[in-house]
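Engineer: No letters, just coordinates:
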C-alpha cells in the first residue's frame with residue numbers, strides 16, 4: 001500500500017487520510033476491543049497522530065479507561081457508529097487507526113497479538129507472530145514495530 005492511505009466510516013460521512021507509513025499492525029484481544037468491534041478482537045495500526053487528516057465530516061469522541069488502566073480517546077462516526085481511531089492519552093504523538101476502516105485492506109497483516117489471556121478459546125496463535133499475554137511493555141512494543149518493518153522490507 002502506498003501513502004497516503006484513505007479510509008472512512010460505513011456510511012461515508014467521515015473520511016480521513018493518513019500521510020505516513022504505519023508503525024505496526026497488531027490484533028488486540030482485550031475485552032474492550034472485543035466489545036467495540038463486536039468480534040473476537042480489534043485491530044490497531046499506530047501512525048503518527050499529525051499524519052491523520054480529516055478530509056470530510058467530524059467524528060464524535062468519548063474517553064474510556066483501557067484494560068491496562070490507561071485513558072484512551074475514541075473517535076467514531078456520529079451517524080453510523082463506526083470506530084475510526086483511538087488516541088492514547090499516555091502517548092500524544094500516536095493515533096491507533098482501526099485498519100478495517102481503510103479503503104484498501106487486502107495487504108494488512110498483523111505481526112502480533114496483545115492481551116492474549118483475554119482471547120476467545122477458539123483463537124489459535126501462530127509462532128510466526130509476536131504474542132503478549134497483556135499490555136506490551138515499551139520494549140515489547142518496539143519488537144512489534146521492528147517485526148512490522150522487517151516484514152514490509154521483505155515484501156518490497
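Structural biologist: Happy to help now that I have it. Computed from a predicted model, the values in this text were never measured in an experiment.

Engineer: Helices of this structure, start to end?
Structural biologist: Secondary structure of the chain, counting by DSSP state H: helices at 31-37, 138-155.

Engineer: roughly how far apart are residue 26 and residue 87?
Structural biologist: 17 Å (Cβ to Cβ, to the nearest Å). (C-beta placed from N, C-alpha, C; glycine too.)

Engineer: So which of those two has more stuff around it?
Structural biologist: Neighbours were tallied for residue 26 and for residue 87 using other Cβ atoms under 10 Å; the higher tally belongs to residue 26 (26 against 19).

Engineer: Nearest spatial neighbour of that one, chain-adjacent residues omitted?
Structural biologist: Leaving aside its sequence neighbours, residue 26 sits nearest to residue 112 (Cβ to Cβ, 6 or more residues apart in numbering; 4.3 Å).

Engineer: Now the helices of the chain in CSV, please, with extra columns for mean neighbour count.
Structural biologist: Formatted as CSV, these follow (neighbours: other Cβ atoms under 10 Å):
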stretch, mean neighbour count
helix 31-37, 16
helix 138-155, 14
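
Engineer: Distance to residue 91 and mean pLDDT for those - can I get that in TSV?
Structural biologist: Output for the helices of the chain, formatted as TSV (distance: least, Cβ to Cβ, whole Å; pLDDT from 0 to 100):
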stretch	distance to residue 91	mean pLDDT
helix 31-37	17	88
helix 138-155	10	89
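
Engineer: Roughly how far does residue 55 sit from residue 149?
Structural biologist: In terms of Cβ to Cβ, residue 55 sits 27 Å off from residue 149.

Engineer: which residue sits closest to the residue sitting nearest the centre point of the chain, ignoring its sequence neighbours?
Structural biologist: By Cα atoms, centre = their mean, the mean C-alpha position of the chain lies nearest to residue 44, the distance being 1.4 Å. The spatial neighbour of residue 44 that comes closest, neighbours along the chain excluded (Cβ to Cβ, 6+ apart), is residue 96 at 4.4 Å.

Engineer: who touches the one you found in this structure?
Structural biologist: Residues near residue 96 by Cβ atoms under 8 Å, 6 or more residues apart in numbering: 44-46, 85-88.

Engineer: Just the ones of the residues you listed in strands?
Structural biologist: Using DSSP state E, the subset of these located in strands is 44-46, 85-88.

Engineer: Alright, I will stop here.
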